[in-house]
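Chemist: Please work out how this folds:
(one chain, ligands or ions: 2)
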Amino acid sequence: MRYAVLVCGPAGAGKSTFSTSMLTHLAASKRTAHLVNLDPAASPESFEYSPVIDIRDLISLEDVMEELGYGPNGGLVYCFEYLLENMDWLEEELGGFEDDYLIIDCPGQIELYTHHTFLPTLVRNLSRLGMRVCATYLLESQFMEDKYKFFSGVLSAMSAMVNLEVPWINIMSKMDLVTSSADDPAGGRNGVRGRRNIARYLDPDPLLLVNPYGHESGLATKTNPKFHSLNQAIVQLIEDHPLVSFLPLDLTNPDSIETVVSHIDYTMQYGEDEEPKEPHDLDEGDFADME
Ligand SMILES: Nc1nc2c(ncn2[C@@H]2O[C@H](COP(=O)(O)OP(=O)(O)OP(=O)(O)O)[C@@H](O)[C@H]2O)c(=O)[nH]1
Ligand SMILES: [Mg+2]
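Modeler: Ligands and ions are numbered 1, 2, ... in the order given. So this is what the prediction gives:
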């Protein structure tokens, strides 16, 4: 059986760093995994592990910009469309791998996740080739510092999930950057502070958006009244469709990586002849030092 983990998420979410950490982690557990680079803009020296399949062997952003006169964003879209037209190239590249575990590092263009047909087509092709596919979607912990930014991140994750229709894991990356203090004078009003508050973000609490701290703060006072009913509708949407919750990822903590990997394994039912394993739960204590 062949497995593919797509590593998705907005620009700078930590996709490439997570892909590398996962490869290191799997190697330490004596499991073979390979890196696939789908980012045509990745710089050649940016990989600790050299990718076994690299979109830049098919097409590079630099060439598209130079030869076709595209700018960087249009150029990237051109590259994805070029790959879609040349799926036989990818199929051929994938041909050499039996019984394998591929980690597919995706580009950070948000269009790819919201409406472009690139990833759904790619996933359909991988499934057709008999691969079990799971997608991870990374959002970085800085999103939790601002409620409005955070909920736009939640909505982007939701729209990507609906667009892609594969088993899905949302990950809150860069948890090592979350500093919290119990005696924060703002009481968590301006973003995540303290362990209880972190929980309200990892399992998004739509009430964060509805003026939870009296009349001084909250979306209701900060935004134009024209948008109140829209905000209300968004809160309702998230409440009615609780599709998005996040696994925290702290790359400085091996247990945290292990937890994320075990959730991925479980989602793909890795090792078909083995008993499916229950995913690890992160110990309560793992974030205890944050308070
Ligand atoms: N503190 C901290 N920094 C991180 C972590 N993961 C990534 N970074 C930093 O965040 C920046 C972006 O990381 P990348 O892994 O390149 O992010 P990416 O999602 O691949 O970015 P694009 O491919 O450009 O969309 C780099 O400066 C990393 O060093 C993390 O877990 N903790
Ligand atoms: Mg990257």
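Chemist: Helix, strand, or coil at the residue in the chain that ligand 1 sits nearest to?
Modeler: Closest approach between the chain and ligand 1, counting by CB to the nearest ligand atom: residue 108, at 2.3 Å. Using the backbone N, CA and C atoms, a C-beta is placed for each residue, glycine as well. Following DSSP: H, G, I helix; E, B strand; the rest coil, residue 108 is assigned to coil.
Chemist: quick one: the strands in the stretch 101-250 of the chain?
Modeler: Ranges of strands within the stretch 101-250 of the chain are 101-105, 131-140, 168-173, 246-248, based on DSSP state E, counting those that start in this stretch.
Chemist: same for the longest one, what does it pack against?
Modeler: Put plainly, it is strand 131-140. strand 2-8, helix 15-28, helix 118-128, helix 147-164, strand 168-173, helix 254-268 (3 or more CB pairs under 8 Å, 6 or more residues apart in numbering; DSSP states H and E).
Chemist: could I get the ones you listed as CSV with mean neighbour count?
Modeler: Listed next are the helices and strands packed on strand 131-140 as CSV, based on neighbours: other CB atoms under 10 Å:
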stretch, mean neighbour count
strand 2-8, 24
helix 15-28, 19
helix 118-128, 17
helix 147-164, 19
strand 168-173, 24
helix 254-268, 19
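Chemist: can you list those in CSV and add mean pLDDT?
Modeler: What follows is the helices and strands packed on strand 131-140, written out as CSV (pLDDT from 0 to 100):
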stretch, mean pLDDT
strand 2-8, 95
helix 15-28, 95
helix 118-128, 91
helix 147-164, 90
strand 168-173, 96
helix 254-268, 94
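Chemist: closest one to ligand 2 among the ones you listed?
Modeler: Among the helices and strands packed on strand 131-140, the nearest to ligand 2 by CB to the ion is helix 15-28 (3.3 Å).
Chemist: coming back round to it: find me the pLDDT at the residue of the chain closest to ligand 1, would you?
Modeler: For residue 108, the model assigns a pLDDT of 92.
Chemist: Please compute how far stretch 242-255 lies from its chain's middle.
Modeler: Here the centre of mass of C-alpha atoms in stretch 242-255, compared against the chain's by CA atoms, centre = their mean, to the nearest Å, lies 10 Å away.
Chemist: buried residues in that stretch?
Modeler: Residues 244, 246, 247, 248, 249, 250, 251, 253 are the ones in stretch 242-255 that count as buried (16 or more other CB atoms under 10 Å).
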